[in-house]
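> coordinates only, no sequence provided:
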Ligand SMILES: Nc1ncnc2c1ncn2[C@@H]1O[C@H](COP(=O)(O)OP(=O)(O)OP(=O)(O)O)[C@@H](O)[C@H]1O
Ligand SMILES: Nc1ncnc2c1ncn2[C@@H]1O[C@H](COP(=O)(O)OP(=O)(O)OP(=O)(O)O)[C@@H](O)[C@H]1O
Ligand SMILES: [Mg+2]
Ligand SMILES: [Mg+2]
């Protein structure tokens, strides 16, 4: 259980800047996800930490040891690969035992056996020790890869999209199991994924990457509820966010969002929208930012339902607002809403996000009046460790 | 736009029964998903329909034509493959034009060009006609594959996991787009997937497969809310369902579910649980089957929180009940619930499912008193077409 | 934990540089090992006859001359060269044509006895050529194809098709079957699918197997020397073998002819070698 | 117009003396016979006879083919040769037949009383020497009539001039490779009593005193006296000739057929070499002088036999033989050619020497036996003695077995 | 939809009758099968027939039954050639594989330099064996003086490489290694490249050093490639004619006469076609044993993931 620090770490491949001056502190025992689209530099970060690649600039610390130039086998780091990278010619037992056997001084065979059996039992692989990887299901292979990483009690675990080869169902279960495992072994875990749901559900903190740059580093709650910029806002959440450009105006003593075709009142206990009055802003609307209301008129948007999507317990309703903006919101699964229906949508100001249209950065700080609210997610996440 | 009928169709590979006496009616213009885990016979069904494989037994009708023994090129069916199967040595234009050029009598080139441009515009590919597949993003490739299928206006579209190669974000968007497309072109679509969320959100009806057998064929709403058996119940829904075995008992004039460690009252307006009183049942609990309540005592289960998962607007709380059952339920994202907390969970009887512990089949029919409720999903789904 | 502000030392950089120097050295040794005999032959071919046998030998010709090359062309080495080209091209076309169709059938079409056929192919690839020459000559003479380029083309194709089938078979298997299924559903026949979809995508496989046929057809002398008697149909290796002939080892013309025969293969090969390797690696030796 | 095809190992498009001669011969003949074209299809010399014999079965043979001495028996066995008596010899006046001074070669391909091939030019092996080197060492070439004399001379002549550990000039060069063989001392030694060699119809005794003497002598040249490089075991007469041309042998075995070639190429000067007859143990008579060379035959089933006969007539006639000798640099088969004034000059001394030797001790293997591999077997026996230290008698017995096996 | 139509079943006729799809498939393979039967299998059968006769100048003169076989397997020349072939094949195989493996490992990465050096290394393999052996013969011959320059300094200025059994065999092996290492390299390279790089990354992170990785990851995963290279090279070395025919002529004293050359000499020098065909059939049978290996590998390869 060790902390990890990146200090202004950059990595270039030819002209391409794969990682741009990364600063990242991971506390001992944390479960940190690196989240971002393909090619954003997540794997590069992991490979630099593992020593599979060397940083062009900057320092990488594992605990209080500077590891630049230290070869992978000396970093005391374990890694689980997206493809699992199980040795196909070795049994499960041999795969798990490999890290012990590769190292000097030799661990006695009896000792190895004891350790392997213990790890295998922990992961529910006890029965499978004599099998070859190709005789295992995806989930079992994934657990063998974990076992191989766990066997030598490393300082840090690195996991590179370990779930992305599994089917939807299994992925969900493994996500849960991984989290429990972390709770039990309490080691430092760095987890790479491009699936925001995965990152959200498992991590104590999430580092969101885009184009080699760290965008935001915070707890899942904060990432979701206080995204630092439009990229983060759009990347997390099950569905894409809808952006509407407009102006915040003071009208008839009320703060309103004016977007050409419609005006909406902005009123929330914890926020003070009047601070940004007069500004051009980009509003980000998630599913929960709108709700269907009976009342019509100036307090709601009259929209036409374009599509409905049953989604488990909910029904997701897509509707187009005057001016063409595509909005969406949740309804009860049983709700009788059909395509072509007119619905009135009202804003849930607590769940609306505002960004500067020029930079894309959040202007939440200008609005929030209750500072403790902004730390809520953080506090909670720490509880999870 | 044509209907499709399977009549007792079976397909064997050696000793393995890949498809076991399938009966399936697909109405003209429907969007039907074949849903099931890997190896359950979905692709086999599709291949039999396309003519890429021949059925061992049974009849396959496309419209009022028996197509057994008809070669693929004569079935007037279009197919989109999981890998897209774009011809890498042809441009987007040539790819889309390919099916037209294959057929006699020859379509004049001018005509071909007009058709291709129309389809490409419909799919937003107008700018990309001169590119090669490898110069396209995954989503664009996917649309080219669609275009190639649409170009010759086939009777039926077959789509074999067309989204599974896309990343989570894009998958969500393409799902939405596909559904819109279907609304526009109104053709019969058979869609294979193992992702229940996909099937739920797009289909007018879903055929759930397991081990070569059709498990249930109904609207998404019905599949989710009235699963025919434990397999279906567990396979659909974002998270796995929790099963608890117990007895339905009449206690103190109240219907109760007795599961050894805890008893829960069963009360719902639309259901009559007294009909199954005394029976051993297996209860299936989804996230929405339980809710956190203030009240304690006999009406609620006192459980210990084992894990919390931020999931966008919600917080999913996992808790273990006395007796060890792992339960889960939703809470507000901001809720202050931490691991180790005690929470009281009460049942939401409308969202509880009951199965026969021996056969795994639903016993919902024995409970439901309002027959129209069971058709709700169906009606709604039809609206979507 | 203290974080040093001094720039990080990078000893691994220096290690990398010395490793690349060693690499270059090894590469040089490989090149020398592979090319020395050929360069020595080249040097010999450029020496006047009198200098060829002098001791100590001149590594670089002191009086370079093209007389041996001139002599070769005056005495008509053109004919064998043209013959070799004809035979090579003919053999490549024939064996790729027949081989591709057969390989596709084995890879994708249903028929009983496929396993037997595959065994047949592997067996064919393992027949020792010398043991075939005498009976083959008898046979060819009987159908009046001995002493003709057609006969040679047929023979070379027969000897190389199994290998072509083997490479292309694995290559076709490695192509995604969905492409073919798509073409079938789009309305193409099997043969059209092969022509329009499979073959255009099999570049590396075709080139690799084609190169094998070319190198065999261009280089063979064991078969040609037995089958060909007339000067008109002599191929290049037979002509070269002729310089080992009755009236002495004419090292000058011999090495010159050798160099002439080497240059085209090397040119073709260097041009295509990328495919040679990828075709081989995805084809004949890996499935 | 008829085209007569001919297989030979020569290529009229090339430039060696015999090839030039052939080209001229064809040109002259075609000029004289405008309705006949002669087409040469050059062949690999080693496979040419075999292909011809096989072609007799399968068709596709040329009208005319050249055959070497060792394959004449094959011509008989295969039955591919046309009756040349009928075709031409019978039309010849008697003096023409008598013109062939070596009767053995004229009749070499006579089977069942019928000639199936006639000699084009006679060949054989002989000893070449370097005039300048012998003179320098004070050796009189005329004294080299015995094997012992050769040995002594070779010892004197073997030299490492620059002391670099590599012999620059070897005393005596021999071709002892098992393939493409030329006469070796062992064989010549055996032929000192040719009568004792064949003990029956195609039965041979090699492990005689003469055989042992010859093989021991040969091996000693390499191992004991070191006047012959061990290379000899793997090189053939072509290599030996190349080495001689390069000045690396003072004395060497060589083929008559190459005389003019050596003259053209020798680095040490065209006049600085000459030949002597084979030595013998006693020195009373020269050693046996094997008679070989090339014969020419016509294909029995040729559709153009008459035309082929015409060309044969020309090629074998005085003009043809004259060309072979003057332009081609060969030893003529006809006395009349040799006696003509054109050949009076000293540059033809060597030809007369050859003819003289054949007259004294000329020898031809019995054409009815398969002697193709005899010399090869002897060479292998020599190699066995040199490399494996095998007893000479044992080695020769092995060779006897091989010979018997080949019959 | 008209109901009650009979369900068409696949026609179930005689076991040997062709299904329609099979008939089409056969059209695809027929040219291949015909050309092979006519030009390879046919002649082989003819040779088999010849092997029971005394053949003189291509005429079958008398039936000999198995005599030819007996003569061949008791002939000292053939026995000697088997010994020479065994030595040659085994030594050449070992060296070729070692060099090939070294080349493959050294040139595995697809850098520009490596691609170029690979092409260079392949040159001896793609040029004519005749030409290659010829050039080597020229190098090893005493005529050229090349070896004298090389060997002179160690006092072997007069050593004739090709005239000494030991060094002639070494030269023959050199010829094989020089030419065929590139083939081994290609096959092994294919094997190397089929190993996912992530396995090496995993092994590095797991703490395995370079040698340990080579021994525990590279070698076991290349087993199949190595076996393929072994079998194919072995078949090649056992049968090869050109090396010994051109380079050493089988000498000295038969030390480098391989079975390929023995076959050639029997057939084309001694014209004992009966014996030659008998030996050819024996060599062929031996090849079949090697082929059996090949087939086993092939089957295993199809099963391998
Ligand atoms: N070895 C390499 N050589 C050249 N470019 C590389 C290399 N490795 C990565 N890159 C490039 O660096 C950028 C970042 O790559 P990285 O693998 O870190 O992305 P990622 O976020 O892990 O994406 P993914 O989700 O697709 O794995 C990409 O543009 C990639 O193409
Ligand atoms: N050509 C074939 N030969 C033998 N078995 C086959 C073949 N095709 C499919 N099967 C087997 O038939 C069963 C059903 O396969 P099918 O491809 O229909 O499954 P699926 O539901 O599409 O699964 P997936 O989601 O993995 O594509 C599987 O057990 C599969 O292994
Ligand atoms: Mg990555
Ligand atoms: Mg499938």
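Here it is on my side, so go on. Fair warning: this is a prediction, and the values are worked out from it, not measured in the lab. Numbers count the residues shown, from 1 in each chain, chains lettered A, B, ... in the order given. Ligands and ions are numbered 1, 2, ... in the order given.
> how about the helices in the stretch 201-350 of chain A?
In order along the chain, the stretch 201-350 of chain A carries the following helices (DSSP state H, counting those that start in this stretch): A:220-225, A:230-235.
> skipping adjacent residues, who's closest to the residue in the stretch 201-350 of chain D that chain C sits nearest to in space?
Closest contact between the stretch 201-350 of chain D and chain C, by C-beta to the nearest C-beta, is at residue D:246 (3.6 Å). To be clear about C-beta, it is placed using only N, CA and C from the backbone, and glycine gets the same treatment. The spatial neighbour of residue D:246 that comes closest, neighbours along the chain excluded (C-beta to C-beta, 6 or more residues apart in numbering or on different chains), is residue C:53 at 3.6 Å.
> what pLDDT does that neighbour get?
At residue C:53, the pLDDT value in this model is 74.
> now the one 3 residues further on
Predicted confidence (pLDDT) at residue C:56: the value is 74.
> which residues of chain A lie near ligand 1?
Chain A has residues A:13, A:16, A:18, A:36, A:38, A:39, A:40, A:41, A:42, A:43, A:44, A:194 near ligand 1, with proximity defined as C-beta under 6 Å from any ligand atom.
> make a markdown table out of the residues you listed and add pLDDT and neighbour count.
Converted to a markdown table, those look like this (pLDDT from 0 to 100; neighbours: other C-beta atoms under 10 Å in any protein chain shown):
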| residue | pLDDT | neighbour count |
| --- | --- | --- |
| A:13 | 88 | 11 |
| A:16 | 88 | 11 |
| A:18 | 89 | 22 |
| A:36 | 90 | 28 |
| A:38 | 83 | 10 |
| A:39 | 84 | 15 |
| A:40 | 88 | 23 |
| A:41 | 89 | 23 |
| A:42 | 90 | 27 |
| A:43 | 90 | 20 |
| A:44 | 91 | 24 |
| A:194 | 86 | 21 |
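> which one of those is nearest chain C?
For these, the residue nearest chain C by C-beta to the nearest C-beta is residue A:13; the value is 15.9 Å.
> how many other residues sit next to residue C:110?
Other residues near residue C:110 number 11, with proximity taken as other C-beta atoms under 10 Å in any protein chain shown.
> name the helices or strands packed onto the helix or strand residue E:171 falls within?
Following DSSP states H and E, one finds residue E:171 within helix E:165-193. Helix E:165-193 sits against helix C:11-45, helix C:251-282, helix E:76-106, helix E:112-126, helix E:129-140, helix E:223-239, with contacts defined as 3 or more C-beta pairs under 8 Å, 6 or more residues apart in numbering or on different chains; DSSP states H and E.
> if you set the cut-off to 6 Å instead, what comes out?
Using 3 or more C-beta pairs under 6 Å, 6 or more residues apart in numbering or on different chains; DSSP states H and E as the contact criterion, the neighbours of helix E:165-193 among helices and strands are helix C:251-282, helix E:76-106, helix E:112-126, helix E:129-140, helix E:223-239.
> single out the most deeply packed of those.
The densest packing among these, expressed as mean neighbour count by mean count of other C-beta atoms under 10 Å in any protein chain shown, is seen in helix E:129-140 with a mean of 25.
> ok, back up a step: reformat the helices and strands packed on helix E:165-193 as a markdown table; add mean pLDDT and distance to chain B.
Below are the helices and strands packed on helix E:165-193 laid out as a markdown table (pLDDT from 0 to 100; distance: least, C-beta to the nearest C-beta, whole Å):
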| stretch | mean pLDDT | distance to chain B |
| --- | --- | --- |
| helix C:251-282 | 77 | 15 |
| helix E:76-106 | 92 | 29 |
| helix E:112-126 | 85 | 22 |
| helix E:129-140 | 85 | 37 |
| helix E:223-239 | 84 | 26 |
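> of all those, which lies closest to residue B:339?
With C-beta to C-beta as the measure, helix E:223-239 is the member of these nearest residue B:339 (49.2 Å).
> quick one: is that closest one near chain A?
No: counting by C-beta under 6 Å from any C-beta of the partner chain, chain A is not contacted by helix E:223-239; separation bottoms out at 7.8 Å.
> quick one, phi/psi of the residue of the stretch 201-350 of chain D closest to chain C?
Recorded main-chain torsions at residue D:246 are phi -80, psi 0, according to degrees, to the nearest 10.
> likewise for residue D:49?
Phi and psi for residue D:49, reported as degrees, to the nearest 10, are phi -60, psi -40.
> want to try JSON lines for the residues of chain A next to ligand 1, with secondary structure as columns?
Listed next are the residues of chain A next to ligand 1 as JSON lines, based on DSSP: H, G, I helix; E, B strand; the rest coil:
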{"residue": "A:13", "secondary structure": "strand"}
{"residue": "A:16", "secondary structure": "strand"}
{"residue": "A:18", "secondary structure": "strand"}
{"residue": "A:36", "secondary structure": "coil"}
{"residue": "A:38", "secondary structure": "coil"}
{"residue": "A:39", "secondary structure": "coil"}
{"residue": "A:40", "secondary structure": "coil"}
{"residue": "A:41", "secondary structure": "coil"}
{"residue": "A:42", "secondary structure": "helix"}
{"residue": "A:43", "secondary structure": "helix"}
{"residue": "A:44", "secondary structure": "helix"}
{"residue": "A:194", "secondary structure": "coil"}
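> below-threshold pLDDT in the stretch 201-350 of chain A: ranges please.
Judged by pLDDT under 70, the stretch 201-350 of chain A has its weakly predicted residues at A:252, A:268-271.
> what about the closest residue to residue D:128 other than its chain neighbours, neighbour count?
Nearest residue to residue D:128, sequence neighbours excluded (C-beta to C-beta, 6+ apart): residue D:254, at 4.5 Å. Around residue D:254 there are 27 other residues, counting by other C-beta under 10 Å.
> and if you look at residue A:336?
By the criterion of other C-beta under 10 Å, residue A:336 has 12 neighbours.
> one more: residue C:207?
Counted with other C-beta under 10 Å, the burial measure for residue C:207 works out to 20 neighbours.
> not counting sequence-adjacent ones, nearest residue to it?
Leaving aside its sequence neighbours, residue C:207 sits nearest to residue C:275 (C-beta to C-beta, 6+ apart; 3.7 Å).
> touching, that neighbour and residue C:202? I think so.
No: with contact defined as C-beta atoms under 6 Å, residue C:275 and residue C:202 do not form a contacting pair (10.5 Å).
> I'd like to know which elements the host helix or strand of the residue nearest to residue D:128 is packed against.
Taking DSSP H and E as the definition, one finds residue D:254 inside strand D:249-255. In this structure, strand D:249-255 packs against strand D:125-130, strand D:170-173, helix D:237-245, with contacts taken as 3+ C-beta pairs under 6 Å, 6+ apart.
> point out the most buried one among the ones you listed.
Comparing these by mean neighbour count (mean count of other C-beta under 10 Å), strand D:170-173 ranks first with a mean of 26.
> quick check: residue E:183 vs chain D, distance?
Per C-beta to the nearest C-beta, to the nearest Å, residue E:183 is found 28 Å from chain D.
> and the gap between the residue nearest to that residue when sequence neighbours are not counted and residue C:182?
Counting by C-beta to C-beta, 6+ apart, the nearest residue to residue E:183 once its immediate chain neighbours are dropped is residue E:125, at 5.6 Å. The span separating residue E:125 from residue C:182 equals 39 Å under the rule C-beta to C-beta, to the nearest Å.
> go on, residue D:254?
When residue D:254 is compared with residue C:182 (using C-beta to C-beta), they lie 75 Å apart.
> swap in residue E:43?
With distances taken as C-beta to C-beta, residue E:43 is found 44 Å from residue C:182.
> neighbour count winner among the two?
For residue E:43 versus residue C:182, neighbours defined as other C-beta under 10 Å are more numerous around residue C:182 (30 against 23).
> tell me where the stretch 151-300 of chain D has helices.
Going by DSSP H, counting those that start in this stretch, the stretch 151-300 of chain D shows helices at D:185-190, D:194-197, D:209-223, D:237-245, D:259-265.
> since that was my last question, I'll sign off now.
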